[in-house]
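K.L.:
need a 3D model of the sequence below.
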Amino acid sequence: MAAALRLRNSSSSCPQSRPGPSDFHLFGPLKRHLGGMAFETEDDLVSELRNWFDNLDVDFFRVVINSLLSRWQKCIDLHGDYVEK
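P.N.:
Numbering: from 1, shown residues only. Here you go, the predicted structure:
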């Protein structure tokens, strides 16, 4: 995680990639979990993120993986112009 945060600030000739339709499921629950929290250091944030991911229930991922087929199909049908609300 810390390496990813460092890479964010490095220059690259490659264009930034955007999260695929399969990544968005994390934003809502993670936002709710982190809501109202304040972190003194980046290490504190990384520690909390690791703790959150380590404690996710297996069903959280099972539901998401099972929904990927329909999400991918929507993305294909819309030629990549797909945003789920």
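K.L.:
what mean pLDDT does whichever strand or helix holds Cys75 have?
P.N.:
Secondary structure assignment for Cys75, by DSSP states H and E: helix 58-77. Mean pLDDT, computed over helix 58-77, is 84.
K.L.:
what residues sit buried inside that helix?
P.N.:
Within helix 58-77, the residues that count as buried by 16 or more other Cβ atoms under 10 Å are 71, 75. Placement of C-beta: from N, CA and C, glycine included.
K.L.:
so who does Pro29 touch?
P.N.:
Counting by Cβ atoms under 8 Å, 6 or more residues apart in numbering, Pro29 makes contact with Phe60.
K.L.:
how much space between Asn55 and Pro29?
P.N.:
Remark: distance between Asn55 and Pro29 (Cβ to Cβ, to the nearest Å) = 12 Å.
K.L.:
sorry, back to before: for the helix holding Cys75, list the C-alpha coordinates in PDB.
P.N.:
C-alpha atoms of helix 58-77 as PDB (Å, rounded to 0.1, in the frame of the first residue of the first chain):
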ATOM      1  CA  VAL A  58     -15.600 -13.700   2.500                       C
ATOM      2  CA  ASP A  59     -19.100 -13.100   1.400                       C
ATOM      3  CA  PHE A  60     -18.200  -9.400   0.600                       C
ATOM      4  CA  PHE A  61     -15.900 -10.700  -2.100                       C
ATOM      5  CA  ARG A  62     -18.200 -13.600  -3.200                       C
ATOM      6  CA  VAL A  63     -21.100 -11.200  -4.000                       C
ATOM      7  CA  VAL A  64     -18.800  -8.900  -6.000                       C
ATOM      8  CA  ILE A  65     -17.200 -11.700  -8.000                       C
ATOM      9  CA  ASN A  66     -20.600 -13.100  -8.800                       C
ATOM     10  CA  SER A  67     -21.700  -9.800 -10.100                       C
ATOM     11  CA  LEU A  68     -18.700  -9.200 -12.400                       C
ATOM     12  CA  LEU A  69     -20.200 -11.000 -15.400                       C
ATOM     13  CA  SER A  70     -23.100  -8.700 -15.700                       C
ATOM     14  CA  ARG A  71     -20.900  -5.600 -15.000                       C
ATOM     15  CA  TRP A  72     -18.500  -6.700 -17.700                       C
ATOM     16  CA  GLN A  73     -21.300  -7.300 -20.100                       C
ATOM     17  CA  LYS A  74     -22.700  -3.800 -19.500                       C
ATOM     18  CA  CYS A  75     -19.300  -2.400 -20.100                       C
ATOM     19  CA  ILE A  76     -18.900  -4.300 -23.400                       C
ATOM     20  CA  ASP A  77     -22.400  -3.400 -24.500                       C
END
